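# Need a 3D model of the sequence below.
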Amino acid sequence: MQNSSYVKRAIKAILFVAIFALLMIVLNASFVMDEAATEKMLTRYSQTDRMDTIFVGNSAGEMVDDELYSSLTSDASFNMCTPSQGLSVSSKNIELAASHHRIKNVILLVTFDVLDSENYDGIDHLYDRTVDSSSPWYVRVKNSVKRDFARSTKYDVIGTEKSVNIWIPWENETAHGFDNIRNNLEKRWTRMRRGERLGGEIAFDLNSKVYENEPGELTDEDVAMLEDDIFAISEMSISEDMVAVDKVRLLENICVFCRDNDIKLKVIVTPHRTDYYDRYEGFRDEAGKISAYLHDFLSKRGVMYYNTEDDPALHEILPNEYFYDWEHVSEPYTDRATEYLAGVINAMD
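Numbering: from 1, shown residues only. Reported below is the predicted structural model:
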């Protein structure tokens, strides 16, 4: 009798977990996520016929007007930069564009914090969902399960609150935490009430491929260089976590993918105000060391690198009043910033 009671309890527990998991899978595949910037960019991407050059990076890279850049260079360009875009999403953007277009050039626009240990999991997850939103429902379910399972079982997440939260669609937004559930639900309900489906304006299935690309295989030489570069991080006398090993590996992946697919990669540290380095005490020295590290890392891989801080004319061409904060150019001056970066990129050839 007692064994029978245990069996019933076990069956109830299994059923509860199964129903909960099924419900979360359906809701994760169906609910709208709030990622307007990525959605807007990918919608415009899906409506663009030709791309020779793409720009990837975080919001500082939004200073580039791709239409003006195209007219200045006769290169069909497209700006894929979005707020808080880390190297992981930049890498996905490059592979996405290369699967639909014959990309010749990738301009990776970076700020130095792109290499630090801060994790952009929320942005990464929202990017993937926006890409998947253009695919059939069963693809969204499959990718959602695969993605959430991988993230919930990561060594630094499993056993914590995050390992469960990942599966809860109304909690897992860029604003994490149970305190944000109400706000997240309200955002979703508003969009659903308006009939605004995530990715509803995207013109085609972004998971479809026109060109099959080489995945970007590490050679023995690549592995040896990467090991040396990762070891070199421990020798850098900078604040802890300002250069993280996982970010170095992501940068290596970008370099290898571009090399194996005959894409010319250029990495540029974006322009900024003269008081940029006043944010943190001693940041100028640390930034200089990170820049030297990047230059060495990229030059060994045949990738061109330029730090706009090294340009003595930078702050004459783009004075402080052109920026609305330390590193973001105000919209009225994006033409000037685009012209400046076009000159830098041309000089790198």
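# number of nearby residues for the closest residue to Thr82 other than its chain neighbours?
Closest residue in space to Thr82, ignoring its immediate chain neighbours: Ala37 at 4.6 Å, by C-beta to C-beta, 6 or more residues apart in numbering. Just so you know, the C-beta spots here come from the backbone N, C-alpha and C atoms, and that holds for glycine as well. The local packing of Ala37 (other C-beta atoms under 10 Å) involves 18 other residues.
# What segments of the stretch 201-349 of the chain are helices?
220-233, 245-260, 283-299, 314-317, 334-348 (DSSP state H, counting those that start in this stretch).
# In a markdown table, list these along with mean neighbour count.
Shown next, in a markdown table, are these (neighbours: other C-beta atoms under 10 Å):
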| stretch | mean neighbour count |
| --- | --- |
| helix 220-233 | 13 |
| helix 245-260 | 19 |
| helix 283-299 | 17 |
| helix 314-317 | 14 |
| helix 334-348 | 17 |
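# can you tell me which of those helices comes nearest to Thr274?
Nearest to Thr274, of all these, is helix 314-317, at 5.4 Å by C-beta to C-beta.
# how close does the residue nearest the centre of the chain sit to His100?
Residue closest to the average C-alpha location in the chain (C-alpha atoms, centre = their mean): Val89, at 2.4 Å. Val89 sits 17 Å away from His100, going by C-beta to C-beta, to the nearest Å.
# quick one: low-confidence ranges for the chain?
1-3, 24-34, 118-122, 161-162, 164-182, 184-185, 240, 280-281 (pLDDT under 70).
# So which residues of it form strands?
53-57, 77-79, 105-110, 264-269, 304-307 (DSSP state E).
# could I get the ones you listed as JSON lines with mean neighbour count and distance to Leu96?
Formatted as JSON lines, the strands of the chain follow (neighbours: other C-beta atoms under 10 Å; distance: least, C-beta to C-beta, whole Å):
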{"stretch": "strand 53-57", "mean neighbour count": "25", "distance to Leu96": "9"}
{"stretch": "strand 77-79", "mean neighbour count": "24", "distance to Leu96": "11"}
{"stretch": "strand 105-110", "mean neighbour count": "24", "distance to Leu96": "12"}
{"stretch": "strand 264-269", "mean neighbour count": "21", "distance to Leu96": "16"}
{"stretch": "strand 304-307", "mean neighbour count": "19", "distance to Leu96": "23"}
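# So for Arg197, which of these sits nearest?
strand 77-79 (23.8 Å).
# what does the closest one contact?
By C-beta atoms under 8 Å, 6 or more residues apart in numbering, the surrounding residues in contact with strand 77-79 are 41, 45, 48, 51-55, 61-62, 64-66, 69-70, 97.
# at 7 Å instead, please
Residues from elsewhere that reach strand 77-79 (C-beta atoms under 7 Å, 6 or more residues apart in numbering): 45, 48, 51-55, 61-62, 64, 66, 69-70.
# what's near enough to touch Gly57?
So Gly57 contacts Cys81, Gln85, Ser90, Leu108, Leu109, Val110 (C-beta under 7 Å, 6+ apart).
# For beta bridges, what are the partners of it?
Leu109 (DSSP bridges).
# any idea how far Ser77 is from it?
14 Å.
# now Leu226
For Leu226, the distance to Ser77 - C-beta to C-beta - is 30 Å.
# Also Cys255?
For Cys255 relative to Ser77 (C-beta to C-beta), the value is 21 Å.
# cool, and Thr338?
From Thr338 to Ser77 the distance is 10 Å (C-beta to C-beta).
# Could you do Ala60 as well?
Going from Ala60 to Ser77 by C-beta to C-beta gives 17 Å.
# Repeat that for Met304.
Met304 is 17 Å from Ser77, by C-beta to C-beta.
# out of the strands of the chain, nearest to Gly288?
Nearest of the strands of the chain to Gly288, taken as C-beta to C-beta: strand 304-307 at 9.0 Å.
# How far does that closest one sit from its chain's centre?
20 Å (C-alpha atoms, centre = their mean, to the nearest Å).
# Equivalent analysis for stretch 207-215, please.
Using C-alpha atoms, centre = their mean, the offset of stretch 207-215 from its chain centre is 19 Å.
# got a list of contacts for that stretch?
Against stretch 207-215 from outside (C-beta under 7 Å, 6+ apart): Glu95, Ala98, Ser99, His100, Val131, Asp132, Ser135, Val139, Asp260, Asn261.
# What is the end-to-end distance of that stretch?
Distance between the two ends of stretch 207-215: 16 Å, counting by C-alpha to C-alpha, to the nearest Å.
# Now that stretch: buried residues?
Asn213 (16 or more other C-beta atoms under 10 Å).
# got the contact list for Arg9?
Counting by C-beta under 7 Å, 6+ apart, Arg9 has no contacts.
# So this protein: which segments form each domain?
Following automatic domain parsing, the chain resolves into domains at 2-36+120-194, 37-119+211-348.
# what number of residues lie near Ser234?
Applying other C-beta under 10 Å, we find 8 residues neighbouring Ser234.
# Quick check: it vs Ser117, distance?
For Ser234 relative to Ser117 (C-beta to C-beta), the value is 14 Å.
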